[in-house]
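> need a structure here:
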Amino acid sequence: MRARRWFVVSLVAVVSVGSAQAALSELPPYRPDGNAERGSIPAVYRFDLGALYESDEAWATALADAKQGLTELAAYHGRLHDPEALATYLDRYFSLELAIHRLTLYANLEQVTDTTDQRAMARHQTALNLTDAIMNEGTVMREAILALTPAEVEKAYEQAPGLKRFEPAIAELRRRADRVLDPEAERVLALAGDNLWAAIDLNELPSDNERAFQSLISEMPLPSIADGQGNQVQLTFGNYPLYRAAADRRVRREAVAGVFGSLKKFESTFAAALAGQARRDVFMARARHYDTALEAYLDKDDIDPQVYENLIATVRAHADALHRYVALRKRVMGLDDLHIYDLYVPMVEGVDKDLPFPGGAKLILEALAPLGPEYLETAGQLIDPNNGAIDVYPSAHKESGAFSSSVYGVHPYIKLNYMDRYDDVSTLAHELGHAVHSELADSHQPYLTSRYVPFLAEVASTCNEMLLSQYMTAHADSKAERAWLLSELAETIRTTIYRQTMFAEFDLAVHKLAEAGEPITAERLDGIYGDLVRSYYGPGFTVDADDSVEWAYIPHFYYKYYVYSYATGLASGIAIAQRVADDVPGAREGYLGMLEGGSSKPPLELLKGAGVDLTKPDAIAAALDLFDRTVTELGELLQEKEQR
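Okay, here's the model as predicted:
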């Protein structure tokens, strides 16, 4: 029945899918090679940055114009009390902000595709310097707007009708007007590195504590271990995930013991860095009269702290499903006890499928058919390399990983390192979700309300992943393939909802220590983290002596209460994907409305329009119920296999 529903929905969008698939079928064949020279990859599979700038010389001209524009803004500083001058200033400010974002994106896309290009690196650093400059200029804008009373704002709109165009930005600034201090206090907070008014993601503004953490991680010596063939290999944080997931249990045990043992030797230094970060967050929050750091950092994006608390409470209430998963892993792997180093090895042998990019892209478009023709038309344009929006394959000096990035007025760009595996197809679906979200928001909103907050960012990407997972599972060629896909889904939910919520609970506990003025020591942090691992994974899970120090190398704890959004994003994506796949009346339209909404409404309101209310348990509980059902079916399939 499920396959029939997918087929019927596909017919609705057959024109959009068909045209995109025809273009994909004509792409030249290519076998990915991580050591290939970039020039050997067919040009169609590489970025075309012409939509941003036709050449490096055009970029340089735009750079000079932006620098001149920043200089000219200063002429307005003494006249911003005048509504007409303020309107002109805001017009120039936001035009410059957009121009600088465009300069930065071009430079970044050049740099990540060739990390040895010194000129690209220089352009990127120059663009980042301009980003700092426009952020500093933002303090002038903020002070001018927040100096006005509500009555003065309304009068200014009447006196200068052109000012009304900037009402969304003015309203968002004034939403937190009661958190603004006197000019001298604001000056001091700016000198201290205030980040609660930053116009970019806080992840992109590392504190000195985070830099100290990064330096310690990069300089901390790790031991060598014997690999599966008995050869000595040097552990690094780059190859650690590989050896942690090794089929040979000795190898993965030694890898985890090697990393955790090294962390243990430096845990007091890690504790000092994390304590400094937590105390800094609390200082910034209290300086602006927030009761807690949680309230302050969620308020930046207009998120109710109840969302955070509801996430932890709901996941805690569904811990039994994770305990069942631990028991299933132990049984399937034939182990008497399950340790942290047994969590990352695949529980089900992968099905060997060769999925070259054209075929993988076609699968994604078929899986996304329930989202309708408008979504598919946008997705089809972005996923087709002929349009220059996607950089597909790895090369010798290309940065690892994948991302989607965009600037208003230009199509989004997707960077991949596609290697013809199912994981690469899933990654493409994920990044395509980000890209379509940006494209739909940009095409339906003016610049000032086009940028959605980070809280919503992972919803669109994980919704795509879930639709792909549903489609692949429904069309599995065998029970073995279905079991493997189910095991992949279970691991995604374990690592993204359960594990990230455990991180969120640890993050909250550390900040509470700082808020209470209590000591934050390595021993205290080990105790908190170890207790969380035991309670989340249950009595069937064995916690070894050094496992409690894992917190020390997790970078997310320096991200100012960001980690919870991974869990809420996946839970929301699962809920929306299920509503759309089940053809719930209004589900597709509500979801598209959220994508098109940008920041035109508060994020929780946009999400509610898509049928998800994260102040209540429902969506998170539904995602964990899916996990529970997945574990049950996976167990049955594997038991059936064992009995054959």
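> C-alpha from now on. contacts and neighbour counts both.
Fine.
> Next one: the residue nearest to the spatial centre of the chain from K560, what distance?
With distances taken as Cα atoms, centre = their mean, the residue of the chain nearest its centroid is E458 (5.5 Å). From E458 across to K560, the span is 17 Å (Cα to Cα, to the nearest Å).
> Let me see the residues that make contact with the helix or strand harbouring G69.
Assigned by DSSP states H and E, G69 belongs to helix 56-73. The contact list for helix 56-73 (Cα atoms under 8 Å, 6 or more residues apart in numbering) reads 53, 89, 92-93, 96, 99-100, 103, 127, 130, 133-134.
> The residue nearest to the centre of the chain is in contact with A571, isn't it?
No: assessed by Cα atoms under 8 Å, E458 is found out of contact with A571, at 9.7 Å.
> For W551, give its distance to Y564.
Taken as Cα to Cα, the span from W551 to Y564 is 15 Å.
> ok, now A457?
13 Å.
> Repeat that for V180.
V180 sits 27 Å away from Y564, going by Cα to Cα.
> Between the two, which is the more surrounded one?
Y564 (24 against 18; other Cα atoms under 10 Å).
> Quick check: nearest residue in space to the more buried one, chain neighbours excluded?
Leaving aside its sequence neighbours, Y564 sits nearest to A504 (Cα to Cα, 6 or more residues apart in numbering; 5.4 Å).
> Alpha carbons of stretch 317-335, as PDB, please.
Provided in PDB are the C-alpha atoms of stretch 317-335 (Å, rounded to 0.1, in the frame of the first residue of the first chain):
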ATOM      1  CA  ALA A 317      10.400   9.400  29.300                       C
ATOM      2  CA  HIS A 318      11.300   7.300  26.300                       C
ATOM      3  CA  ALA A 319      14.600   5.900  27.600                       C
ATOM      4  CA  ASP A 320      13.300   2.400  27.600                       C
ATOM      5  CA  ALA A 321      13.400   2.300  23.800                       C
ATOM      6  CA  LEU A 322      17.100   3.000  23.900                       C
ATOM      7  CA  HIS A 323      17.600   0.400  26.600                       C
ATOM      8  CA  ARG A 324      15.900  -2.100  24.200                       C
ATOM      9  CA  TYR A 325      18.200  -1.000  21.400                       C
ATOM     10  CA  VAL A 326      21.200  -1.700  23.600                       C
ATOM     11  CA  ALA A 327      19.900  -5.200  24.400                       C
ATOM     12  CA  LEU A 328      19.300  -5.800  20.700                       C
ATOM     13  CA  ARG A 329      22.900  -4.700  19.800                       C
ATOM     14  CA  LYS A 330      24.300  -7.000  22.500                       C
ATOM     15  CA  ARG A 331      22.300  -9.900  21.200                       C
ATOM     16  CA  VAL A 332      23.000  -9.400  17.500                       C
ATOM     17  CA  MET A 333      26.700  -8.800  18.100                       C
ATOM     18  CA  GLY A 334      26.900 -11.800  20.400                       C
ATOM     19  CA  LEU A 335      28.400  -9.900  23.300                       C
END
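> Identify the residues contacting it?
336-338, 347, 494, 498, 536-541, 621, 624, 627-628, 631, 635, 638.
> the helices in the stretch 151-300 of the chain, which residues?
167-175, 183-191, 208-219, 240-244, 249-265, 267-287, 293-299 (DSSP state H, counting those that start in this stretch).
> Using CSV, please lay out those together with distance to G380 and mean pLDDT.
What follows is these, written out as CSV (distance: least, Cα to Cα, whole Å; pLDDT from 0 to 100):
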stretch, distance to G380, mean pLDDT
helix 167-175, 32, 94
helix 183-191, 45, 82
helix 208-219, 39, 89
helix 240-244, 33, 91
helix 249-265, 41, 97
helix 267-287, 43, 96
helix 293-299, 35, 95
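> Out of the ones you listed, which is closest to A22?
Closest of those to A22 is helix 240-244, at 37.4 Å (criterion: Cα to Cα).
> helices and strands around that closest one, which ones?
helix 249-265 (3 or more Cα pairs under 8 Å, 6 or more residues apart in numbering; DSSP states H and E).
> Figure out how far the helix it packs on is from the centre of its chain.
Here helix 249-265 shows a centroid-to-chain-centroid distance of 28 Å under the convention Cα atoms, centre = their mean, to the nearest Å.
> Check stretch 437-452 too.
Taking Cα atoms, centre = their mean, one finds the center of stretch 437-452 at 18 Å from the center of the full chain.
> How far does it stretch from one end to the other?
Stretch 437-452 end-to-end distance (Cα to Cα) = 9 Å.
> Identify each buried residue in the longest helix along the chain, please.
Counting residues, the longest helix found in the chain (DSSP state H) is helix 83-113. For helix 83-113, a neighbour-count test (16 or more other Cα atoms under 10 Å) marks 83-90, 92-94, 96-113 as buried.
> which residues of this structure fall in strands?
Remark: strands assigned in the chain by DSSP state E are 224-226, 232-234, 390-391, 403-407, 410-415.
> okay if I get those strands as TSV plus mean neighbour count and mean pLDDT?
Shown next, in TSV, are those (neighbours: other Cα atoms under 10 Å; pLDDT from 0 to 100):
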stretch	mean neighbour count	mean pLDDT
strand 224-226	17	95
strand 232-234	13	93
strand 390-391	23	97
strand 403-407	19	95
strand 410-415	23	97
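> how about those strands in JSON lines, adding distance to Q214?
As requested, these are arranged in JSON lines below (distance: least, Cα to Cα, whole Å):
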{"stretch": "strand 224-226", "distance to Q214": "21"}
{"stretch": "strand 232-234", "distance to Q214": "20"}
{"stretch": "strand 390-391", "distance to Q214": "29"}
{"stretch": "strand 403-407", "distance to Q214": "21"}
{"stretch": "strand 410-415", "distance to Q214": "24"}
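> right, so of those strands, which gets closest to Y308?
With Cα to Cα as the measure, strand 403-407 is the member of the strands of the chain nearest Y308 (25.8 Å).
> Dump the closest one to PDB, restricted to CA.
What follows is strand 403-407, C-alpha atoms only, in PDB (Å, rounded to 0.1, in the frame of the first residue of the first chain):
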ATOM      1  CA  PHE A 403      27.400  21.900   3.300                       C
ATOM      2  CA  SER A 404      24.900  24.200   1.700                       C
ATOM      3  CA  SER A 405      25.400  28.000   1.700                       C
ATOM      4  CA  SER A 406      23.500  30.900   0.200                       C
ATOM      5  CA  VAL A 407      23.200  34.600  -0.200                       C
END
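> Now tell me what touches that strand from outside.
So strand 403-407 is contacted by 98, 101-102, 105, 412-416, 431-432, 434-435, 438 (Cα under 8 Å, 6+ apart).
> how about a cut-off of 10 Å?
For strand 403-407, contacts defined as Cα atoms under 10 Å, 6 or more residues apart in numbering pick out 52, 98-106, 108-109, 389-390, 411-417, 427-428, 430-436, 438-439, 442, 447, 450-451.
> same question, stretch 628-642
Contacting residues not belonging to stretch 628-642 are listed as 318, 320-322, 324-326, 328-329, 331-332, 348, 479-480, 482-487, 489-490, 622-627 [Cα under 10 Å, 6+ apart].
> In PyMOL, how would I select the buried members of those?
In PyMOL, a selection of the buried entries from the contacts of stretch 628-642 looks like this (16+ other Cα under 10 Å):
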select buried, resi 318+321+322+324+325+326+328+329+348+480+482+483+484+485+486+487+489+490+622+623+624+626+627
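> Let's see which of the contacts of stretch 628-642 end up in helices.
Those of the contacts of stretch 628-642 lying in helices (DSSP H): 320-322, 324-326, 328-329, 331-332, 479-480, 482-487, 489-490, 622-627.
> which ones are touching S395?
S395 neighbours (Cα under 10 Å, 6+ apart): 32-41, 113-114, 417.
> Right, I'll call it a day here.
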